[in-house]
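> 3D model of this:
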Amino acid sequence: MSMKEVLEERLKELGISRYELAKLVAEKRGKKRVTDVSTTVSNVIDDPENRRYKSLAEVVSLLDGEIIIRWKNVTERKIS
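Residues are numbered from 1 along each chain as shown. Down below sits the predicted model:
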């Protein structure tokens, strides 16, 4: 499954539109108009692999998610 499909599926799961997501982004950024961020949100959903990480991470966070990196080799480190 591609990242685009994952994001689109999440929008459906939450029952929100791209416009509603753009409203959340605009609020978070302190923008008065949704149109200030609607193109950014559409671009993140349509082509997430080629967007700025900051924009992608913001959208994922507003969809109540997180981006996780899982390394294939595991090294344990004692911290206390």
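
> Not counting its own residues, what contacts stretch 1-21?
Stretch 1-21 has contacts (Cβ atoms under 8 Å, 6 or more residues apart in numbering) with 34, 38, 41-42, 44-49, 59-60, 62-65. Quick note: C-beta positions are derived from backbone N, CA and C, even for glycine.

> Which PyMOL command selects the buried ones in those?
Here is the PyMOL selection string for the buried members of the contacts of stretch 1-21, based on 16 or more other Cβ atoms under 10 Å:
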select buried, resi 34+38+41+44+45+48+59+60+62+63
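
> tell me the two of the contacts of stretch 1-21 that are most distant?
Farthest-apart pair in the contacts of stretch 1-21 is 34 and 49; separation 24.5 Å (Cβ to Cβ).

> which residues in this structure form helices?
3-14, 18-29, 35-46, 53-62 (DSSP state H).

> number of nearby residues for residue 50?
Using other Cβ atoms under 10 Å, residue 50 has 9 other residues around it.

> likewise residue 54?
8.

> Repeat that for residue 23.
Using other Cβ under 10 Å, residue 23 has 18 neighbouring residues.

> which non-adjacent residue is nearest it?
residue 34 (5.2 Å; Cβ to Cβ, 6 or more residues apart in numbering).

> Next one: that neighbour, what pLDDT does it get?
You'll see residue 34 listed with a pLDDT of 95.

> Any figure for the gap between it and residue 20?
Distance from residue 34 to residue 20, counting by Cβ to Cβ, to the nearest Å: 9 Å.

> And the residue nearest to residue 23, how far from residue 6?
As defined by Cβ to Cβ, residue 34 lies at a distance of 23 Å from residue 6.

> How about residue 13?
Taken as Cβ to Cβ, the span from residue 13 to residue 6 is 10 Å.

> the more surrounded of the two?
When residue 13 and residue 6 are compared for neighbours, residue 6 comes out ahead with 13 against 10, by other Cβ under 10 Å.
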